[in-house]
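S.K.: Structure for this input, please:
(one chain, ligands or ions: 2)
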Amino acid sequence: MSTIRTVALVGNPNAGKSALFNKLTGARQKIANYPGVTVERKAGRMVLASGEPVELLDLPGSYAFDAASPDEEVTRKVVFGEQEGQRQPDVLVVVLDAANLEQHLVFAQEVIELGRPTVVALNMVDLAERDGLTLDPDALGKALGVPVVPTVAVRSRGLDDLVAAVSDLPLGDPSPRPHIDLTERRLEAKNITKAAILSKSSRATLESSLDKVLLNPWIGPVILFGLLFVVFQAVFAWADPFIGLIEGATEWLAGLVVATMPEGFVRDLITEGLIAGVGSVVVFLPQIVILFAFILVMEATGYMARAAFLMDRLMAGVGLSGRSFIPLLSSFACAIPGIMATRSIADPKDRLTTILIAPLMTCSARLPVYAVIIAAVMPATTVGPGIGLQGLVLFALYVAGIVGALLVALVLRRTVTAGAASGFIMELPRYQLPRIRDLLIGLWQRAWVFLRRAGTIIFAATVILWLLLTFPKADPGENQLDASFAGQIASVMQPVFEPIGFNREMTLSIVPAMAAREVAVASLATTYAVEAEDEEETESALRDQIAARWSLPTALAFLAWFVFAPQCLSTIAVARRETNGWKWPIVMLGYLFALAYIFAGITYWSALALGL
Ligand SMILES: Nc1nc2c(ncn2[C@@H]2O[C@H](COP(=O)(O)OP(=O)(O)OP(=O)(O)O)[C@@H](O)[C@H]2O)c(=O)[nH]1
Ligand SMILES: [Mg+2]
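M.R.: Ligands and ions are numbered 1, 2, ... in the order given. Prediction:
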């Protein structure tokens, strides 16, 4: 007798597969309330009723086995045992959204047709109940010919029953059922749904009235725009006290090191490299957390998908569809998951265009760069009731990235990725109240990613830079930056960047920023700390150093540079992997560099001309 070794979760997008996977394995895969969240196969360990561990697979959501998008392809390959390095699953668990039963049953029938050992998880029964829908799992099971277990993944309800049903399945050779075509399957889905409904009270749902407002072609965009505006105001307004705390702590630490350690190489490395450099980045944790709190709430409530819907018309204008919206939106966190998320786009040209413009979305690694420069050169004044100037400038920088992306898409769609634009259909997920626990976990994961980067890549880049800045030692009276290797490197590059208003420290900072954008901040801080005449100057905040040293046109040019600046090396690596070659990453790098240079130059010279 064969035993179960691998179980796979399959089903439509947004059915709750990843939520189930997390509860069954203890993993923390991303779950969010829109279709297309999972784009890769993920494996975890689940324990059967007998106590035996088996492999559980979380798969991308799928509408059909013959679907065209790269993420759905993964699901098909895994289910049919064609995925290299992956055992074919012995058991399939079809996850259905009970509140959207009819739609979800179309693909479910296709899976069940394979005749493989299958269990159905009738998930989201809580949402069905909320809509006044009571379903009969047994009737559904009879109609489908497989066991059906009602579950509420996010509340861990029905999980034991689900595991029991999987454990009890008889294994054997597949006995495929007669194949029926899509039209028949749709009809069948309707009939099965009808048979499974015990009672249905039509409630005036909150959904439809909310959607009337939020999706209204006039009011909807105004609300979306207003919301984003609030986000950027909050990033500055709410973060201040927390930033003050962290700054206080780093200053205290620097003081402690100076007071207790003997003068010398190690102490300088710690104060100038670690505390000034890495510390200058860590200070931005509160702003990152605030930004992500908004993003996570928008994702969990179901608003994000509405935003995609609203943006579809605008995106169609530049030859993209609303499909690209979510990958682009993910790129606000980081272009890497954003580029990965394009796997849910079926049309190859749509997908390529989206990959190429993803780096123009302002990733969170750029936030520290923007924030420190804005705080240094823009006064913390208000320009209207409750509208802070700093938040406004930040908002403008994000908008500049978006407008840039749309224009680039327009050009790409007429040249290198020319072709018919594909239509956009996306189901709108149900509105949900965010669960605090999920939010906190999400925020913690984000904060951890940020801190880990600070502790690894930013740390390493800062130490290397510090060494280059510290050696060779300057003669008495000579400027350390002039004497150092780093200064010499910067001097070689300086002629290229001088015309766009960059000073030497800025030129120097954009090289290690290729490792990670935040390194630009650490680099500036370390440069100024090394150059500093005394301890007090070493410890003073980067913001104050910039305020004292940079002219406004120079600072604006630097901000403009970072709107387009060539992305970090990891983004290039992901673009290479997702486009199967070096051609597109090189195109991306080239056009971004050109745009950054031109845009920074225009900004610098216009600012000078305006007498700023
Ligand atoms: N109320 C309720 N919400 C659920 C349930 N299961 C999942 N959710 C929510 O539904 C949304 C989608 O869940 P996911 O687990 O990301 O869905 P998925 O099937 O993995 O989606 P894709 O990865 O896009 O294919 C998330 O917001 C979950 O919090 C449930 O049983 N009840
Ligand atoms: Mg998922």
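S.K.: tell me the contacts of Pro434?
M.R.: Shown in contact with Pro434 (CB atoms under 8 Å, 6 or more residues apart in numbering): 296-297, 300-301. The C-beta positions use only the backbone N, C-alpha and C, and glycine is treated the same way.
S.K.: Let me know the secondary structure of it.
M.R.: Under DSSP: H, G, I helix; E, B strand; the rest coil, Pro434 falls in the coil class.
S.K.: what about whichever residue of the stretch 401-550 of the chain sits closest to ligand 1, neighbour count?
M.R.: Going by CB to the nearest ligand atom, ligand 1 is nearest to Gln432 of the stretch 401-550 of the chain, at 5.7 Å. Using other CB atoms under 10 Å, Gln432 has 15 other residues around it.
S.K.: Look up the closest residue to Leu20, ignoring the ones flanking it.
M.R.: Of all residues beyond its chain neighbours, the one nearest Leu20 is Ala153 (4.3 Å), with distances taken as CB to CB, 6 or more residues apart in numbering.
S.K.: show me the contacts for the one you found.
M.R.: For Ala153, the contact set (CB under 8 Å, 6+ apart) comprises 16, 19-20, 23, 121, 123-124, 159.
S.K.: Could you tell me which residues of the protein lie near ligand 2?
M.R.: Within the chain, the positions near ligand 2 by CB under 5 Å from the ion are 17-18, 37-38.
S.K.: if we look at the helix-or-strand element of the chain with minimal mean pLDDT, which residues are touching it?
M.R.: Lowest mean confidence among the helices and strands of the chain (mean pLDDT, DSSP states H and E): helix 535-539, at a mean of 71. For helix 535-539, the surrounding residues in contact (CB under 8 Å, 6+ apart) are 251, 254-255, 258, 271-272, 276, 528-529, 532.
S.K.: The residues you listed in helices, which ones?
M.R.: 251, 254-255, 258, 528-529 (DSSP state H).
S.K.: surely Gln494 meets Glu505?
M.R.: No: applying CB atoms under 8 Å as the test, Gln494 and Glu505 come out as separate, 10.5 Å apart.
S.K.: So between these two, which is more surrounded?
M.R.: Shown here are Gln494 and Glu505; by other CB under 10 Å, Glu505 has more neighbours (22 against 16).
S.K.: Let me know the pLDDT of Gly423.
M.R.: Note on Gly423: pLDDT of 65.
S.K.: Could I get the full set of strands for the stretch 51-200 of the chain?
M.R.: With DSSP state E, counting those that start in this stretch as the criterion, the stretch 51-200 of the chain has strands at 53-58, 91-97, 118-123, 133-135, 148-150, 197-200.
S.K.: List the residues that contact Ala565.
M.R.: 510, 513, 517, 592-593, 596.
S.K.: Please tell me how far it sits from Ser330.
M.R.: 19 Å (CB to CB, to the nearest Å).
S.K.: circling back to that earlier point, which residues does the residue of the stretch 401-550 of the chain closest to ligand 1 contact?
M.R.: Per CB under 8 Å, 6+ apart, neighbours of Gln432: 33, 127, 300-302.
S.K.: mind redoing it with 6 Å?
M.R.: Counting by CB atoms under 6 Å, 6 or more residues apart in numbering, Gln432 makes contact with 33, 302.
S.K.: which secondary structure element contains Ile295?
M.R.: helix 285-301 (DSSP states H and E).
S.K.: That helix packs against which elements?
M.R.: Helix 285-301 sits against helix 219-237, helix 436-453, with contacts defined as 3 or more CB pairs under 6 Å, 6 or more residues apart in numbering; DSSP states H and E.
S.K.: That helix to helix 219-237, inter-axis angle?
M.R.: Calculated by axes from the mean of the first three to the mean of the last three CA atoms, to 10 degrees, helix 285-301 forms an angle of 150 degrees with helix 219-237.
S.K.: what about helix 285-301, average pLDDT?
M.R.: 92.
S.K.: Now do the helix or strand that it is followed by: everything it contacts.
M.R.: Beyond helix 285-301 on the C-terminal side, the first helix or strand identified by DSSP H and E is helix 303-317. With contacts defined as CB under 6 Å, 6+ apart, helix 303-317 is touched by 34, 214, 220-221, 224, 298, 322, 325-326, 424, 428-429.
S.K.: Of those residues, which one scores lowest on pLDDT?
M.R.: Among the contacts of helix 303-317, Phe424 has the lowest pLDDT, at 62.
S.K.: Spatially nearest residue to Met361 (excluding sequence neighbours)?
M.R.: What sits nearest to Met361 in space, not counting adjacent residues and going by CB to CB, 6+ apart, is Ser331, at 3.7 Å.
S.K.: Do a quick rundown of the strands in the stretch 251-400 of the chain.
M.R.: Going by DSSP E, counting those that start in this stretch, the stretch 251-400 of the chain shows strands at 382-384, 387-388.
S.K.: tell me the contacts of Val10?
M.R.: With CB under 6 Å, 6+ apart, Val10 has these contacts: 59, 92, 94, 111.
S.K.: which of these lies closest to Asp71?
M.R.: Leu59 (8.8 Å; CB to CB).
S.K.: And the residue of the chain most remote from its centre, its phi and psi?
M.R.: Relative to the C-alpha centroid of the chain, counting by CA atoms, centre = their mean, Pro476 is the outermost residue, at 49.1 Å. Dihedral pair for Pro476: phi -50, psi 130, per degrees, to the nearest 10.
S.K.: what about Thr193, how many neighbours?
M.R.: Residues lying near Thr193 (other CB under 10 Å) number 19.
S.K.: can you check Val266 too?
M.R.: As a measure of burial, Val266 has 11 neighbours, counting by other CB under 10 Å.
S.K.: got it, and the one 4 residues further on?
M.R.: The local packing of Ile270 (other CB under 10 Å) involves 17 other residues.
S.K.: is it true that it touches Leu256?
M.R.: No: Ile270 is not in contact with Leu256 according to CB atoms under 6 Å; the separation is 10.3 Å.
S.K.: before we move on, the earlier item: mark which of the ones in helices among the contacts of helix 535-539 are buried, thanks.
M.R.: 254, 258, 528-529 (16 or more other CB atoms under 10 Å).
S.K.: which of those sit farthest apart?
M.R.: Val258 and Tyr528 (16.7 Å).
S.K.: Close to ligand 1: what parts of this structure are there?
M.R.: 13-19, 31-33, 35-38, 60-61, 123-124, 126-127, 152-154, 300, 432 (CB under 6 Å from any ligand atom).
S.K.: Buried ones among those residues?
M.R.: Buried by 16+ other CB under 10 Å: 13-19, 31-33, 35-38, 60-61, 123-124, 126-127, 152-154, 300, out of the residues of the chain next to ligand 1.
S.K.: Not counting its neighbours along the chain, what's nearest Ser167?
M.R.: If the residues on either side of it in the chain are set aside, Ser167 comes closest to Ala49, at 3.8 Å by CB to CB, 6+ apart.
S.K.: In a helix, that neighbour, correct?
M.R.: No: under three-state DSSP, Ala49 sits outside any helix and is assigned coil.
S.K.: Thanks a lot, catch you later.
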